[in-house]
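Visitor: Model the following, please.
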Amino acid sequence: MGRPPKHDLSKWNVVDDWPDPVPVTEVEIAVFERWFGDVFDELFDPPAPPSIAPETSAQVEGMDAEPLWSWPDLP
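Guide: Numbering: from 1, shown residues only. Sure, this is the predicted structure:
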């Protein structure tokens, strides 16, 4: 059951005083992409066409094994 709240929550006022739009830095974006990249890919990237096998779509014979991009270094 727990303890009752110290204040009556029905009398609270919630104020949205954040700026619109909320400022976000490049470093903050990089942190979210690093931690939630797989979730973002699943939510926002369209699925691969059925004719392309996932294990071969990113690797082409004869190309260098270097990635096309890498995560930015975080401070």
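
Visitor: Any idea how many residues pack against A30?
Guide: 15 (other CB atoms under 10 Å). Yep, even glycine has a C-beta here, placed from its N, CA and C like the rest.

Visitor: right, I mislabeled it, should have said P19
Guide: For P19, using other CB under 10 Å, the count is 6.

Visitor: what's the answer for the one 10 residues further on, then?
Guide: Here the neighbour count serves as a burial measure; for I29 (other CB under 10 Å) it reads 11.

Visitor: give me the element it is part of.
Guide: Element membership of I29, judged by DSSP states H and E, is helix 26-44.

Visitor: packing partners for that helix?
Guide: Using 3 or more CB pairs under 8 Å, 6 or more residues apart in numbering; DSSP states H and E, no helix or strand is in contact with helix 26-44.

Visitor: Next, the buried residues of it.
Guide: Buried positions in helix 26-44, judged by neighbour count with 16 or more other CB atoms under 10 Å: none.

Visitor: Kindly export that helix (C-alpha atoms) in CSV.
Guide: What follows is helix 26-44, C-alpha atoms only, in CSV (Å, rounded to 0.1, in the frame of the first residue of the first chain):
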residue,chain,number,x,y,z
GLU,A,26,25.5,17.7,-31.9
VAL,A,27,27.1,15.9,-28.9
GLU,A,28,23.7,15.2,-27.4
ILE,A,29,22.5,13.8,-30.7
ALA,A,30,25.7,11.6,-31.0
VAL,A,31,25.0,10.2,-27.5
PHE,A,32,21.4,9.3,-28.3
GLU,A,33,22.5,7.7,-31.6
ARG,A,34,25.2,5.7,-29.9
TRP,A,35,23.0,4.4,-27.1
PHE,A,36,19.7,4.0,-29.0
GLY,A,37,21.0,3.6,-32.6
ASP,A,38,19.6,0.1,-33.0
VAL,A,39,16.1,1.2,-31.7
PHE,A,40,16.2,4.2,-34.1
ASP,A,41,17.1,2.0,-37.0
GLU,A,42,14.3,-0.4,-36.2
LEU,A,43,11.8,2.4,-35.8
PHE,A,44,12.7,4.8,-38.7
